[in-house]
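J.: quick one: sequence plus predicted model below, questions after.
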Amino acid sequence: MSHLGGQNISYPSIFEQGTATHVVTAILYGAQAFFVFDREVSSSKDVQEIEGNLQAQIKKAISISGNADLKMKSEEKSTLPKMMGDDGEKAVPIKVWLYPLTKMDSKAAKMVREISLALIFDAQKVLEELSEIDMRCSDLGKNSIANTFPEIKKKIQHFKDLCKQHKQTFQKELAGILPSIRGGGKEEGALADILRAVNESPFNSRNLQDFLKMKEREVDFVQSYCANLSEIEVIPSESKLNQIVLDRQNEFVLCFTFTSLHEEEPFLANLQHYLHKEGLEEKANSKCQAWFECKQISQRARKAARSISDFSRLNKSHGKLRFVVASVPDKDNPGASVYLYEDGDLVSCSFDLPSKPLPLLVTGIRHDSVQLTFQPAEYGRENITSYQVEYRAEGEENWKTVNTESSQETFLLRGLSPNRQYQFQYAARCKPGLSETRNATQSVKTLPTGPPGKPRKVSVGSSVISVSWGSPSAIGVDVVIKEYKVEYRVGNENSEGNGEWNERRTGRKIEFFQINGLSPQSLYRLRVSAVCADGAQSVPSEEVEVSTSQDEEEKDRLVEKYLPKSRLVVRGPPSIYVLPLKVTSDDSTSCLKYLLGEENSRVPNKVIMVMGATGSGKTTLINGMVNYILGVQWEDEFRFTLIHEETHRSQAESVKVYVLHYQEGFQIPSSLTIIDTPGFDDTEVIEHNLLSKKEIRDFLSILSDIDHLDAICLVLQASLSCLTHAQRYMFESLLPSLGKDMKDHIQVLVTFADGQTPPALEAIGAAHVPCAKDASGTPIHFTFNNSALFANNTVKSGGSCNFAEMFWKMGCMSMKVFFDSLYTLHPSSMIFLKKVLQELKRMEAVWRTLDERKGKRERAMGIVSRK
């Protein structure tokens, strides 16, 4: 008891100041033991799942039932105290004994009043919330994202330190105010003022919770992007990033960069100012929106992340390209951005990688190329430097690749094959690599042929233009050109309002055409397209400009050119002139060839063979063709003739060939070759007809400079009711030997026609003569009446001249119909026909030799039998 005396009190002033009510008389030191089940798990693991696994493990432990004595060994008894240290330095206070000071001195402070529980609970709540904030900060600081990006961890730690400093300040205030209130020195209002000040300060619970939640959302935001970019390396520091950028092995470095993790936090500045009792100028800005909560920034960051993720997947095999994720402060590009480094230098702080382009458009198709139109996506469009186009033909597995030379959005892909199906796909290219490929389009078929050659002017009149052109240089496999489409319109290339193209068809594959019905002295533009059997067309040829002539220019007619050069044989009216023909002979045959004019290789050459009996009008018909072609008119005082027979006999003694070379002024758009065969008749001996047939076959089999035959013309009088023996013999023996392919080329020309159905057609049908027929089975025929060819045209009106003029016009119309039809026939090659005729000639020679040997043998046997 002597120790409790007043003389042993070291600090007697406390009795007068009233700063304490009790004194500590004893302290129990010790330790408490806890079982800690430590297990490292990822932050994505569900807490409830982890707790469930722990409970299951505890329940699996062996349980002891029944009575048992548990005796602790001496080793265990001595081990536990050692865990508190040799001198107990690891022990902590477990229990404290207090003794009231009033029992020592009545002047000491004593418990005057109790503090209301509400205030105590409020103060305790503040401390508990600060403790919770501290724990959450510790947990958040251990997050992998915080460890990866030090700037995040630094802010969390700073916030934690400020909260700890505030907690210490608050505890100090409580330590000073609580004894005063209990001792009666101060009222409870003082504690309420302290709590109110805390709630009104930046350290109020809502502000702290909101800031911590915001940092947690920021960590989650960054973590989600890192998870989506898991295949890309994350760089924790700028120094490491610089090492990668400066590495010479990396030509390009693409960095998905978080640019706002270093941003200053106004709220932390406010907390610090409050602790230092400074003004809160930035308080108004402490509630500003977080960078990752801005919709525009978030959308931009998502696009950047998606683009670099796709880009890295497509271009990761590029040895000179490196992909990384890093954090670099950049106020100009808040949130996240893609940085492009090239050869160690920063090229762009906001590089939008090209996205997958829109579907490819095919805007033009030719036989060997297609016009492609690219449709790049808007995102990354400005960084496109070129395009990569891939294509393959139908049936092929591998793609062929072509790279464009610029970012131009149209491209002509060349080197394709005609009449083939192709697929196309493409990707946009920027400096580092390629975007995602737009999948293949539907198949596109190239045109079957190339364009025909540029048309060339052959002849021009006041209302007619003749042009020729070359065949397409490229024709697809199994493609057959059926005909050509000739288009024309008035005006030159620079004329406005040219109007629509007028169209004509050639009717078959012929590289020549004559356009009639044009306006005099007018400029026309012409072009030609190939039309195939399936209806597909080529692109038009190059255009050519041709002007028609004036009407006055046509006064110099073609007949005026030949009239002075021709030989007068019959004085008229009308006078008859023999044209100035150039005579040549074929080395391979004995026939003569008569040429009119100079050869014109720009126009086609029509070849017809004319066959007829004596008196059929064959010679007059040929002369009528010549006068029609040269443009002789009824009013002219002259007529021309190719053949002038002094003895009025039309029978040719041998095969003759007349070649009328095309000249400007011809009424037909081509040259014309007429093969005039010897006539035949029943009045001649059979040997003559045999000779005629042999001569024709020999001529056709060895002819060298004629490679095709357009028509075989059988000339018959209209009144012929049945074929003569000579006609039957010639038609039945000669025509079948020419082959089945020539059947559609055999035309019937009926002379002396009077407008009625010619009986000669029934004679042809009854004799089963092979020839072209219409749908009803009637032989295709053309009727002529050449009685007016050399008729007197000076008879006054009302006389027989009117009938002659009428027959003249009918004859001109018949000629036009015949020649128009002639141009619809496809030429028949003479190569196969020559081989057939040569084989027949050889077989006949063999049979003739056998017959001669047989005759000799029979004669020898007869002599032997007589002996």
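T.: Sure thing, it's come through.
J.: which residues of the stretch 401-550 of the chain score low on pLDDT?
T.: Confidence mapping of the stretch 401-550 of the chain against pLDDT under 70 gives the ranges 493-498.
J.: how about 90 then?
T.: Residue ranges of the stretch 401-550 of the chain with pLDDT under 90: 439-442, 456-471, 491-500, 506-517, 519-521, 548-550.
J.: again, but for the stretch 701-850 of the chain
T.: Using pLDDT under 90, the flagged stretches of the stretch 701-850 of the chain are 701-748, 752-783, 785-811, 813-814, 816-850.
J.: that one: strands as residue ranges?
T.: 708-709, 711-717, 746-751, 781-783, 828-829 (DSSP state E, counting those that start in this stretch).
J.: of all these, which one is nearest P573?
T.: Nearest to P573, of all the strands of the stretch 701-850 of the chain, is strand 746-751, at 23.7 Å by Cβ to Cβ. C-beta: built from backbone N, CA, C; applies to glycine.
J.: quick one: the helices in the stretch 101-250 of the chain?
T.: Under the criterion DSSP state H, counting those that start in this stretch, the stretch 101-250 of the chain carries helices at the ranges 117-141, 144-148, 150-182, 188-200, 205-228, 238-246.
J.: so which elements touch the shortest one?
T.: Other helices and strands packing on helix 144-148, by 3 or more Cβ pairs under 8 Å, 6 or more residues apart in numbering; DSSP states H and E, are helix 150-182, helix 205-228.
J.: could you tell me the least trusted of those helices?
T.: For the helices and strands packed on helix 144-148, mean pLDDT drops lowest on helix 150-182, to a mean of 88.
J.: the inter-axis angle of that one versus helix 188-200?
T.: Inter-element angle recorded for helix 150-182 and helix 188-200: 170 degrees (by axes from the mean of the first three to the mean of the last three Cα atoms, to 10 degrees).
J.: start at 50, not 1
T.: Shifting the count to begin at 50 puts that one at helix 199-231.
J.: which of the residues in helix 199-231 are buried?
T.: Judged by neighbour count (16 or more other Cβ atoms under 10 Å), helix 199-231 contains these buried residues: 201-202, 204-206, 208-209, 211-212, 215-216, 219, 222-223, 226-231.
J.: what do you get for stretch 671-690?
T.: For stretch 671-690, by 16+ other Cβ under 10 Å, it's 671-679, 681, 683, 685, 687-690.
J.: between those, which is nearest E181?
T.: After measuring those against E181 - Cβ to Cβ - the closest member comes out as I678, at 114.8 Å.
J.: what does the helix or strand containing the closest one rub up against?
T.: Following DSSP states H and E, one finds I678 within helix 667-679. The contact list for helix 667-679, computed with Cβ atoms under 8 Å, 6 or more residues apart in numbering, reads 607-608, 611, 628, 659-661, 688-692, 694, 699, 707, 709, 714-717, 721, 723, 725, 728, 764, 798, 800, 833, 835, 838, 860-861, 864-865.
J.: take these and keep only those in helices.
T.: L607, V608, Y611, G860, C861, M864, K865 (DSSP state H).
J.: make a PyMOL selection of the buried ones in those residues.
T.: Applying 16+ other Cβ under 10 Å to the ones in helices among the contacts of helix 667-679 leaves a buried subset, and the PyMOL line that selects it is:
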select buried, resi 607+608+611+860+861+864
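J.: hmm, which two among the ones in helices among the contacts of helix 667-679 are most spread apart?
T.: Longest span within these, Cβ to Cβ: Y611 and K865, 21.2 Å.
J.: S512 is nearest to which of the helices of the stretch 150-299 of the chain?
T.: helix 254-277 (76.7 Å).
J.: give me the buried positions along that closest one.
T.: Buried-residue list, helix 254-277, by 16+ other Cβ under 10 Å: 256-257, 260-261, 263-264, 267-268, 270-272, 274-275.
J.: if we can go back for a sec, how about the helices and strands packed on helix 193-197 in JSON lines, adding distance to N447?
T.: Converted to JSON lines, the helices and strands packed on helix 193-197 look like this (distance: least, Cβ to Cβ, whole Å):
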{"stretch": "helix 199-231", "distance to N447": "50"}
{"stretch": "helix 254-277", "distance to N447": "34"}
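J.: ok, which of those comes nearest P481?
T.: Using Cβ to Cβ and comparing those, the one that lies nearest P481 is helix 254-277, at 19.5 Å.
J.: export only the CA atoms of that closest one, formatted as PDB.
T.: Output of helix 254-277 as PDB, limited to C-alpha atoms (Å, rounded to 0.1, in the frame of the first residue of the first chain):
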ATOM      1  CA  SER A 254     -17.000   8.400 -46.800                       C
ATOM      2  CA  ARG A 255     -18.800   8.900 -50.100                       C
ATOM      3  CA  ASN A 256     -15.800  10.700 -51.700                       C
ATOM      4  CA  LEU A 257     -13.400   8.000 -50.600                       C
ATOM      5  CA  GLN A 258     -15.600   5.200 -51.700                       C
ATOM      6  CA  ASP A 259     -16.400   6.900 -55.100                       C
ATOM      7  CA  PHE A 260     -12.700   7.400 -55.800                       C
ATOM      8  CA  LEU A 261     -11.700   3.900 -54.900                       C
ATOM      9  CA  LYS A 262     -14.600   2.500 -57.000                       C
ATOM     10  CA  MET A 263     -13.400   4.700 -59.800                       C
ATOM     11  CA  LYS A 264      -9.900   3.300 -59.600                       C
ATOM     12  CA  GLU A 265     -11.300  -0.300 -59.400                       C
ATOM     13  CA  ARG A 266     -13.300   0.400 -62.600                       C
ATOM     14  CA  GLU A 267     -10.100   1.800 -64.200                       C
ATOM     15  CA  VAL A 268      -8.200  -1.300 -63.300                       C
ATOM     16  CA  ASP A 269     -11.100  -3.400 -64.700                       C
ATOM     17  CA  PHE A 270     -11.100  -1.300 -67.800                       C
ATOM     18  CA  VAL A 271      -7.400  -1.700 -68.500                       C
ATOM     19  CA  GLN A 272      -7.600  -5.400 -67.500                       C
ATOM     20  CA  SER A 273     -10.300  -6.100 -70.000                       C
ATOM     21  CA  TYR A 274      -8.200  -4.600 -72.800                       C
ATOM     22  CA  CYS A 275      -5.100  -6.500 -71.800                       C
ATOM     23  CA  ALA A 276      -7.200  -9.700 -71.800                       C
ATOM     24  CA  ASN A 277      -8.400  -9.000 -75.300                       C
END
